[in-house]
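[1] Sequence and predicted structure are below.
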Amino acid sequence: QVQLVESGGGLVQAGGSLRLSCAASGRTFSTYGMGWFRQAPGKEREFVATISWSGGTTDYADSVKGRFTISRDNAKNTVYLQMNSLKPEDTAVYYCASARWPRARATDRGNEYGSWGQGTQVTVSS
């Protein structure tokens, strides 16, 4: 079982930037795809970004394309989410997740992820 710990959340003004990190431990990080999801108050959890186990494939929700970048450093067992041009509607708790199966295709489906972090709050003020 993998353990995931997010960090880097906080309060930022609209137009600002934040970088979220997710440190993994407990199993071989480099063979699992990773994803970021978010959940705003009163809303369902939604997909934000995913990256394949090799880092060669990424995908984003339409709402964040061109503003967010997902990356990973397999030597550090860490996945990142660089968030630029933040908007108030980006306010949410952000969760990282690890794919259920090794070397699976990157996916935006939450049920394809077997381990989740505790989340980090991102608040964007207008």
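    Done, it's in.

[2] separation between the residue nearest in space to the middle of the chain and residue 50?
    Closest residue to the average C-alpha location of the chain: residue 36 at 2.2 Å, with CA atoms, centre = their mean. For residue 36, the distance to residue 50 (CB to CB, to the nearest Å) stands at 8 Å. Placement of C-beta: from N, CA and C, glycine included.

[3] what do those two both touch?
    Both residue 36 and residue 50 are contacted by residue 70, under the criterion CB atoms under 8 Å, 6 or more residues apart in numbering.

[4] ok, residue 15 - contacts?
    Residue 15 sits next to 85, 86 when contact means CB under 8 Å, 6+ apart.

[5] wait, residue 70
    Contacts of residue 70 by CB under 8 Å, 6+ apart are 34, 36, 49, 50, 51, 58, 60, 79, 80, 81, 82.

[6] Looking at those residues, which are in strands?
    Applying DSSP state E to the contacts of residue 70, the entries found in strands are 34, 36, 49, 50, 51, 58, 60, 79, 80, 81, 82.

[7] Give me the PyMOL select line for the residues you listed, limited to the buried ones.
    Those of the ones in strands among the contacts of residue 70 that count as buried under 16 or more other CB atoms under 10 Å are selected in PyMOL with:
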select buried, resi 34+36+49+50+51+60+79+80+81
